[in-house]
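Chemist: Give me the fold of what follows.
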Amino acid sequence: MSIGLATFTALLHWLAMGKLGYTFQAVLRQPIVMALPIGLIMGDLSSAMKIGAAINILYIGMVAAGSNLPADEGFAGVIAIPIAVQSGMDPAMAVTLAVPFGVLGVFLDQIRRTINAGFAHRADKHALDANIKGIWYCAVLYPLILTFFLRFPPVFIANLYGASVVEGFIDTMPEWILHGLSVVGGVLPALGFAITVFVIGRANLIPFFIIGFFVVQYFAIDVMAAAIFGTCIALLVVLMKKEKGAGTTT
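Modeler: You can find the predicted model right below:
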């Protein structure tokens, strides 16, 4: 893989995980969002988006309880997407490839949090001295620098050398193992849907989830059409509830 692409993906992941200003990091770290620029650079937008969407489904219902991530979808996507596109993997195989990277990203995040605790204590000392600049360094600059050294090198190295290594590894694997990985990769997205159902947690909303699933399955509508129909249904339900509430008040 080219040095340029490896550098771009590493910088993209650093910006997504740097949490500068706590604004768009939750969006930037999504595999489906990362897939767009990666696909454009690699010249295969369709494959990149399909792979990014498949990986995103696995983490779609993920909740960071206590701000602790159970998996790092950004680290999984930024490595698995370019490798899968260059290697010609199908989305199910790419999902299987992404899972261990998602787990590895959690360990990197725990290292970051541990070191950042030292910055927080230093910021407390600066606060006692009313040192605004020192607080800013500890709250913004130092964590960004730390995140760069934790996030940039592994993504750069993985994407620079990963494709050839993965291709060689896949070529040596028996067909039955590859088929098994594809089956597992096809099952894993079901976990993402199960987590989504668990997060919804309200019995009156479950029928909408089931109806949406079977409408997509039997009518074979694409994701954009499903999103449009889902948005319209959600708006209708909200408007009907508001009218009912207004009528009751009257």
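
Chemist: Relative to the whole chain's centre, how far out is stretch 99-119?
Modeler: 15 Å (Cα atoms, centre = their mean, to the nearest Å).

Chemist: Buried residues, that stretch. List them.
Modeler: Residues of stretch 99-119 classed as buried: 99, 101, 102, 104, 105, 108, 109, 112, 116, 119 (neighbour count, 16 or more other Cβ atoms under 10 Å). Every residue, glycine included, has its C-beta placed from N, CA and C.

Chemist: per-residue pLDDT, the last one?
Modeler: According to the model's per-residue confidence, residue 119 sits at a pLDDT of 87.

Chemist: For it, which non-adjacent residue is spatially closest?
Modeler: Spatial nearest neighbour of residue 119, excluding adjacent residues (Cβ to Cβ, 6 or more residues apart in numbering): residue 138 at 4.4 Å.

Chemist: Surely that neighbour and residue 115 touch.
Modeler: No. Residue 138 is beyond contact range of residue 115, at 11.7 Å (criterion: Cβ atoms under 8 Å).

Chemist: tell me, how many neighbours does the residue nearest to residue 119 end up with?
Modeler: Here the number of neighbours of residue 138 (other Cβ atoms under 10 Å) works out to 22.

Chemist: Next: residue 140.
Modeler: Other residues lying near residue 140 total 15 when counted by other Cβ under 10 Å.

Chemist: quick one: least confident helix or strand in the chain?
Modeler: The helix or strand of the chain with the poorest confidence is helix 175-200; it has a mean of 63 (mean pLDDT, DSSP states H and E).

Chemist: Past that helix, which element shows up next along the chain?
Modeler: helix 206-219 (DSSP states H and E).

Chemist: rewinding a little: tell me which two of the buried residues of stretch 99-119 sit farthest apart.
Modeler: 99 and 119 (31.2 Å; Cβ to Cβ).

Chemist: does residue 119 really touch residue 142, like I thought?
Modeler: Yes. Here residue 119 lies in contact with residue 142, judged by Cβ under 8 Å, at a distance of 5.0 Å.

Chemist: what sits in contact with each of these two?
Modeler: Common neighbours of residue 119 and residue 142, counting by Cβ atoms under 8 Å, 6 or more residues apart in numbering, are absent.

Chemist: Surely residue 158 is in contact with residue 79?
Modeler: Yes. Counting by Cβ under 8 Å, residue 158 touches residue 79, with 4.8 Å between them.

Chemist: Name the residues contacting each of the two.
Modeler: What both residue 158 and residue 79 touch, as defined by Cβ under 8 Å, 6+ apart, is the set residue 101.

Chemist: More neighbours: those two, which one.
Modeler: Using other Cβ under 10 Å, the more surrounded residue of residue 158 and residue 79 is residue 79, with 27 against 24.

Chemist: Output the contacting helices and strands for the host helix or strand of that one.
Modeler: Assigned by DSSP H and E, residue 79 belongs to helix 73-87. The contact analysis (3 or more Cβ pairs under 8 Å, 6 or more residues apart in numbering; DSSP states H and E) places helix 73-87 against helix 3-18, helix 31-42, helix 45-58, helix 91-128, helix 142-172.

Chemist: what angle sits between it and helix 45-58?
Modeler: On the basis of axes from the mean of the first three to the mean of the last three Cα atoms, to 10 degrees, helix 73-87 is oriented at 140 degrees to helix 45-58.
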